[in-house]
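# No sequence on hand, only this structure:
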């Protein structure tokens, strides 16, 4: 007897990722990004992405941005599309990193750099104050949001932001950051934290 797939399992079509997502603003508006069928990969919903970039302002000209758990790269490429001067996409999985690099080449994203790396280890080595924005959307089935936010907090300059997307809101503020904006959309909790000093 064949058992039906469990809700939330990789093969359950009700929870399968879309085959592609679109960038919603800027230079590459309407460009499509592939979404591989990968465990834990769950692209940021369009409504949440649109709200985030409304919070940040539509023009990120000159910003330095880190997308620490890049996955599809939807957040990092969106930042680049809106004028960011430098976007670093970190992705540990070789297949996903290769997909990100292919997308970068297709879009002509000279301001984007893809690094195959463990996000936590990379951020722990990074110089403080290096970025205006750090984007954190770790795999949904992990408990990485809070530790990742703590490691990311020193990486943003004064006035800079750390965005955290997870299945639950952070219980404690990351060190040196204050909550700037937050929303809940379905199972997604999104929080934008800001360095004020």
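Here it is on my side, so go on. Predicted, not measured: the structure shown is a model, and the values here were computed from it.

# The helix or strand where residue 122 lies: which residues count as buried?
Using DSSP states H and E, residue 122 maps to helix 119-125. Using 16 or more other CB atoms under 10 Å as the test for burial, helix 119-125 gives 119, 120, 122, 123. (C-beta placed from N, C-alpha, C; glycine too.)

# Of all pairs in the residues you listed, which one spans the longest distance?
Spanning the widest gap among those are 120 and 122, at 7.4 Å by CB to CB.

# who does the helix holding residue 122 touch, helix- and strand-wise?
The contact analysis (3 or more CB pairs under 8 Å, 6 or more residues apart in numbering; DSSP states H and E) places helix 119-125 against helix 145-152.

# what's next to the helix or strand following the helix it packs on, contact-wise?
Using DSSP H and E, the next helix or strand after helix 145-152 towards the C-terminus is strand 156-166. With CB atoms under 8 Å, 6 or more residues apart in numbering as the test, strand 156-166 has contacts from 44, 48, 52, 56, 75, 129-138, 140, 145, 148-149, 152-153, 155, 170, 174, 177, 180, 188-197.

# tell me the contacts of the residue nearest to residue 152 when sequence neighbours are not counted?
Excluding the flanking residues, the one nearest residue 152 by CB to CB, 6 or more residues apart in numbering is residue 134, at 4.4 Å. Residue 134 sits next to 65, 66, 68, 123, 152, 155, 156, 160, 161, 162, 163 when contact means CB under 8 Å, 6+ apart.

# count of residues packed around the last one?
For residue 163, the tally of surrounding residues (other CB atoms under 10 Å) stands at 25.

# Quick check: it vs residue 101, distance?
Distance from residue 163 to residue 101, counting by CB to CB, to the nearest Å: 23 Å.
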